[in-house]
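In: give me a 3D structure for the following:
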Amino acid sequence: MKYTLTYLDKKEIAENTFEFIFSKPTDFNYCAGQFISAYVNGEMREFTLVSSPRQNVISFSTRIRSSLFKDCLMKLQAGDSITIEGPFGRFVLSKNNSRAVFLVGGIGVTPLVSMIRSGLEKAIILYSFRNDPAYINLIKDSDNELHCFQTSGMLSQCLDGFSERISLTILDKILPLENKNSLQFYVSGTADFVSAMISFLFELNISEKAIVTDSFGSY
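Out: As a prediction, the model looks like this:
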């Protein structure tokens, strides 16, 4: 189903990365972790919602690169309208009592943001990024266990974590694998990142049924 949204505002949440905020139609319902198709100037892009279903606004975020679609996004003025379709996707929290473990790379953080804004707590989060991490303060301030991995080299002074990639050794060290049957894994990021994380989890004898994935293309 398609909906018309009214543009309200935008805010920069990392270097060259913005969150775009719109009015929420009263009949639009979704779950944290789902995505929508957005139509601007005749073009369509898919975005995971970073707002909480509890909020009275809808928002999504994206890194700004030179393209007609994103140029039009940046030029939106308060009161302008766009069309969206959705929601779509099954990357949502399980209704069982398993402890959530998130393996997140780059823009794959967006579904996690919606979940945290919806009250996610007690999760284990491994967040891999190159430089300026989007939503890092939101995640740090939440009631979750965060481990940072800055793959571009030295960690920023404001972060505690690892200046390396997530590896099988790291996962074996951090995760409470003695209770692995009580864990539910959520893997989100680029296709290569998701593929690598799934391979690691299989090597740790994690069941395929305990893994939910969300693979992002270019954004």
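In: isn't residue 31 right up against residue 52?
Out: No: using CB atoms under 8 Å, residue 31 makes no contact with residue 52, being 10.3 Å away. Bear in mind the C-beta positions are built from the backbone N, C-alpha and C, glycine included.
In: got any residues that touch both of those two?
Out: Residues touching both residue 31 and residue 52 by CB atoms under 8 Å, 6 or more residues apart in numbering: none at all.
In: any idea which residue sits dead centre in the protein?
Out: Nearest to the geometric centre of the chain sits residue 110, at 2.0 Å (CA atoms, centre = their mean).
In: tell me if I'm right that it and residue 59 touch.
Out: No: contact criterion CB under 8 Å: residue 110 and residue 59 do not qualify, at 10.0 Å.
In: and for those two, which residues touch both?
Out: 49, 50.
In: report the residue ranges of every domain in the chain.
Out: Residue ranges for the domains of the chain, per automatic domain parsing: 2-88, 99-216.
In: for this structure, just list every one of the helices.
Out: Along the chain, counting by DSSP state H, helices occupy 68-74, 110-117, 136-140, 168-174, 191-203.
In: can you tell me which of these is most buried?
Out: Of those, the one with the most neighbours on average (mean count of other CB atoms under 10 Å) is helix 110-117, at a mean of 26.
In: what distance separates the strand of greatest length in the chain from the centre of its chain?
Out: As assigned by DSSP state E, the longest strand anywhere in the chain is strand 2-14. In terms of CA atoms, centre = their mean, to the nearest Å, the gap separating the centre of strand 2-14 from the centre of its chain is 17 Å.
In: now do the buried residues in it.
Out: 3, 5, 7, 8, 10, 13, 14 (16 or more other CB atoms under 10 Å).
In: circling back: could I get the domains of the chain as JSON lines with mean pLDDT?
Out: Output for the domains of the chain, formatted as JSON lines (pLDDT from 0 to 100):
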{"stretch": "domain 2-88", "mean pLDDT": "96"}
{"stretch": "domain 99-216", "mean pLDDT": "90"}
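In: pairing partners for residue 4 in the sheet, please.
Out: residue 83 (DSSP bridges).
In: where do the strands sit along the protein?
Out: Here the chain has its strands, by DSSP E, at 2-14, 17-23, 35-40, 43-48, 57-63, 81-88, 99-105, 124-129, 145-150, 161-162, 183-190, 211-216.
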